[in-house]
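1. Sequence and predicted structure are below.
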Amino acid sequence: MAPSNDLLTMTPKGLFCEQGNFYVDPWRAVDHAVITHAHADHARWGSKKYLAADTSAEVLRIRMGEKADLRFQPLGQSQTINGVRVTFYPAGHILGSAQVKIEKAGYSIVVSGDYKRNSDPTCQPFEPVRCNTFITESTFGLPIYRWPDPQTVFDGINQWWKSNQGSGKTSILLAYSLGKAQRLLSGIDASIGPIYTHGAVEKLNAGYREAGVALPETTFVGEVDPKEIDWSQSLVVAPPSAVGGPWAKKFGKLSVAMASGWMQIRGTRRRRSMDAGFILSDHVDWADLMQTIHETEAENIWVTHGYSDVVVRYLREQGFNAKVVETEFTGEQLEGDTEPAS
Amino acid sequence: MRDFCELYWRLDSTTKTTEKVLALEAYFHQAAPKDSIWAVYFLTGSRIKRLVKTGLLRQWATEEAGLSQWLFEECYDRVGDLAETISLVLPPKQSSLAEGEPSLQSLIENQLMPLREMEEEGLRQSVVKLWQQFDQRERFVLGKLMMGGFRVGVSKRLVIRALAKHTGIDAATITHRLMGHWEPTAEFYEELVDPDENETAISKPYPFFLANPLKDEPASLGEVSDWVAEWKWDGIRAQVIRREGQTFIWSRGEDLVTDQFPEVESAASELPDGTVLDGEILGWDETEGRPLAFNQLQRRLGRKKLGKKLLTEVPVVLLAFDLIEHAGEDIRELPLADRQTRLHEVLEGLPSAAIQEPPKVLTESNRDWNSLATVRESSKAMRAEGLMLKRADSKYQVGRPVGDWWKWKVDPYTIDAVLIYAQRGHGRRANLYSDYTFAVWKEEGLVPFAKAYSGLTDAEMRKVDKFVRKNTNEKFGPVRSVTPELVFELAFENIQRSTRHKSGVAVRFPRISRWRHDKKPADADRLETIVAMLEED
């Protein structure tokens, strides 16, 4: 199929639509960038103009700064750029995350960015979009990843928090400051005790609240005198980079937990010396990945960051026309956080 | 079973010894004796042998999960633990099939043990049914019950500590009661925790007294005259028991190895009843009056049958260095010097040389630490690993207490080698490239020389891991070949010729002693250097 080769190609700067003269989630500065979501490996600084789904307006503004030239387009509405039709559909990954559908002359490609199918009240749920070529992540593209029901996970977190209160330990919950942190906040039982946040988390909480997402009351740790707080009753939500340094010293005795898909594997939990690991991911697990691929009815599957070799080999066995597309996206990383520790 | 699973995950979630002991104590407190004893059995490292072949479990799990074999292998490579991989890929629990919650004992005795008698078809059905009634975490523990290898950071010592705290009986007594073979029954557990229980089975060995490596200068030990110096042998540490006309030979791993050493068994039949010797079993070179090389002894190990040729070529002896039971009496409280006097008396009249006192470290060298250090330098000629220093008035203690027995080994061999292959580790290191193959120069190329796993800090290991990911040239299954760039100093204990190794030599206990950031691959050692070490020996 020639059109697919034309419509979107891989270049050193990222996925490029030559006919439309724009890139999707480029990792170098370009003139026109279409952005799937606000995580740093997808929304990079330095491009002249950005286009994203309007649901991402608040968080993307926080991430990209006041000076960035951001334009927004409502979900499900199309705009034609140099003869190429561009439409955003929700991806369910974090607030404002979207799939980008690119169409010309009856041929369509969907760049899904990062996505998940599990319930998450802090963002619009994923919608499968029919297309000819589907570009998918594969962060957790192995059959060993099977997410538990999120409510069970939240029950576990509540239980852990209460038990720490009983033994006089401060509960530190580590999660990405954009997305995972807010999903956790919206899911836990806030009546258990006061909730404090790391600066990086609090900054994005503001964006979520501005966008109308209901979050429980949180207090920025930097706003209080640490000596006046009974930390042992509190939950502190922070990015993974926050522990280990001086920042965590003020809380006294700690119980540190992490919420991530990686926590499914015992070795990972143990190596990070967590007191508890909760399996909660903003990416699809194996079953949802496969289901989504079927639902798009795409004949070509391009697989990016994660276990792309494995997923491609499996899809080919299933009769798909699949290939690996090397990108610089990182998905959800195992070794610490890429966010600045501010 | 649920309580035991909870115990398992509680142990797994902490690295703190005190918390582990608390978790164990809590378990022993609430569990029935019939379940407690199985928990002790597994957590002290025993396993049920030949339950179901691992290969079958792997194959059935792959099929039940609807995976191709290669995809299962990818999963296993990522997880690094077979029981865990199986637990993760299987379809979710079918709770409708659960028939109430079995106790640990009932699960093992009524559901697992019968598997041993089953034909393959029925076996598969039973295993699949088991899998279906448990959730992922329970399946993981079930897999460990079936395949062994708990690796939950609990040592036998820790279990004993928890039992001691739980019962108020001292740890040495519990340790002794848990020695040797015992059946995991409620009755045995009752005896184990009975404050008055006194009777010992005739085969029961004593807990071994182990030495610590001497890190400081020997002068830090005080007066040389307070110490007994012995050679440190590189053989099989063993306890020989003669009671009620029967002989039992136990290895330090608490395996009964009587049949493997008929020479020693036959010599022991001349010992008086109520004698327990501690010593080292070695292949013996009578003309040289020193041990044969360790690889000679290795030929004798783990065999079902010992041929006449092998028995002639590699005769073994027990070099007995301690007496811990004399005339039916436990004499562990006596000072070493007294025990050795009695040992000498016991062995003096023995007709066979298969049990003998070890060659002495020259007595005049015992005058000062310097002359002892000189003697130690001749260890390799004696085929010893160095010296043992034992306090002359030391009691025979349990385990590895610090202070009275030291091993003062000669410096290991070291060489600089280049990292050429890396593989992911297991367990805690499952997603790090932590298992390495190193090479040295032979003519113009690098030849693989040793594998090493330990010796790096976690931080260093992460750095190497990053390097491996960025510098992979080829993948062979789980193994990656990397650009030869990193140089490490390897230490090893011994070196032997080998026809099975590409390099022509095999080394014992290789480990990474440090990362030589200051060296380039070209600076690594040459194979000739290593072969020269061989000739020195």
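-> Great, that's in hand.
2. Against chain A, how distant is B:R469?
-> In this structure, B:R469 and chain A are separated by 10 Å, where distance is defined by Cβ to the nearest Cβ, to the nearest Å. Using the backbone N, CA and C atoms, a C-beta is placed for each residue, glycine as well.
3. Please list all residues in contact with that residue.
-> B:Y433 (Cβ atoms under 8 Å, 6 or more residues apart in numbering or on different chains).
4. same question, the one 10 residues further on
-> Counting by Cβ under 8 Å, 6+ apart, B:V479 touches B:Y421, B:A422, B:Q423.
5. ok, and the most crowded of those?
-> For the contacts of B:V479, counting by other Cβ atoms under 10 Å in any protein chain shown, the largest number of neighbours falls to B:A422: 25 neighbours.
6. so is it in a helix, a strand, or just coil?
-> Local secondary structure at B:A422 is given as strand here, using DSSP: H, G, I helix; E, B strand; the rest coil.
7. before we move on, back to that, now cross-check the contacts of B:V479 against chain A and list the overlap.
-> The subset of those within reach of chain A, by Cβ under 8 Å from any Cβ of the partner chain, is empty.
8. In TSV: those, plus pLDDT.
-> Putting those into TSV (pLDDT from 0 to 100) gives the following:
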residue	pLDDT
B:Y421	94
B:A422	92
B:Q423	89
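9. And those residues, which is closest to A:T55?
-> B:A422 (43.9 Å; Cβ to Cβ).
10. so that closest one makes contact with B:F438?
-> No - here B:A422 lies out of contact with B:F438, judged by Cβ atoms under 8 Å, at a distance of 10.4 Å.
11. bridging residues for A:T219?
-> Assessed by DSSP bridges, A:T219 has beta-bridge partners A:Y196.
12. contacting residues for it?
-> For A:T219, the residues meeting the contact criterion (Cβ under 8 Å, 6+ apart) are A:P194, A:I195, A:Y196, A:T197.
13. For the residue of chain A found nearest chain B, grab phi and psi.
-> For chain A and chain B, the shortest gap (Cβ to the nearest Cβ) falls at A:G267, measuring 3.5 Å. Geometry field for A:G267 lists phi and psi as phi -60, psi -40, criterion degrees, to the nearest 10.
14. Chain A contacts on the stretch 101-250 of chain B?
-> Along the stretch 101-250 of chain B, the residues adjacent to chain A under the rule Cβ under 8 Å from any Cβ are B:F140.
15. The residue of the stretch 101-250 of chain B found nearest chain A: what secondary structure?
-> Distances from the stretch 101-250 of chain B to chain A, computed as Cβ to the nearest Cβ, single out B:F140 as the nearest residue at 7.5 Å. The three-state label for B:F140, taken from three-state DSSP, comes out as helix.
16. which ones are touching the nearest residue to it once chain neighbours are set aside?
-> Nearest-residue entry for B:F140: B:S87, 4.1 Å, with adjacent residues in sequence omitted and distances by Cβ to Cβ, 6 or more residues apart in numbering or on different chains. With contacts defined as Cβ under 8 Å, 6+ apart, the neighbours of B:S87 are B:Q136, B:R137, B:R139, B:F140, B:L142, B:G143.
17. Is B:S87 located within a strand, as I assumed?
-> No - using three-state DSSP, the secondary structure at B:S87 is helix, not a strand.
18. Find the residue closest to A:L95 in space, skipping its chain neighbours.
-> Counting by Cβ to Cβ, 6+ apart, the residue nearest A:L95 is A:C123, at 4.7 Å.
19. so that neighbour touches A:D114, yeah?
-> No - between A:C123 and A:D114 there is no contact under Cβ under 8 Å: 11.5 Å.
20. what is in contact with these two at once?
-> Looking at what touches both A:C123 and A:D114 (by Cβ under 8 Å, 6+ apart), the common residues are A:H93, A:S97.
21. Looking at the record's assignment, how would you partition chain A?
-> Using automatic domain parsing, the domain parsing of chain A gives A:4-145+A:283-324, A:150-278.
22. what about B:A417, which SS state?
-> Taken by three-state DSSP, the conformation at B:A417 corresponds to strand.
23. how many other residues sit next to the residue nearest to it when sequence neighbours are not counted?
-> Closest residue in space to B:A417, ignoring its immediate chain neighbours: B:F438 at 3.7 Å, by Cβ to Cβ, 6+ apart. By the other Cβ under 10 Å criterion, the neighbourhood of B:F438 contains 25 residues.
24. next one: B:T457
-> Each residue near B:T457 was counted by other Cβ under 10 Å, and the total is 9.
25. Kindly indicate whether the residue in the stretch 201-350 of chain B positioned nearest to chain A is helix, strand or coil.
-> With distances taken as Cβ to the nearest Cβ, the stretch 201-350 of chain B approaches chain A most closely at B:G253, which sits 25.7 Å away. Remark: B:G253 carries the secondary structure label coil [criterion: three-state DSSP].
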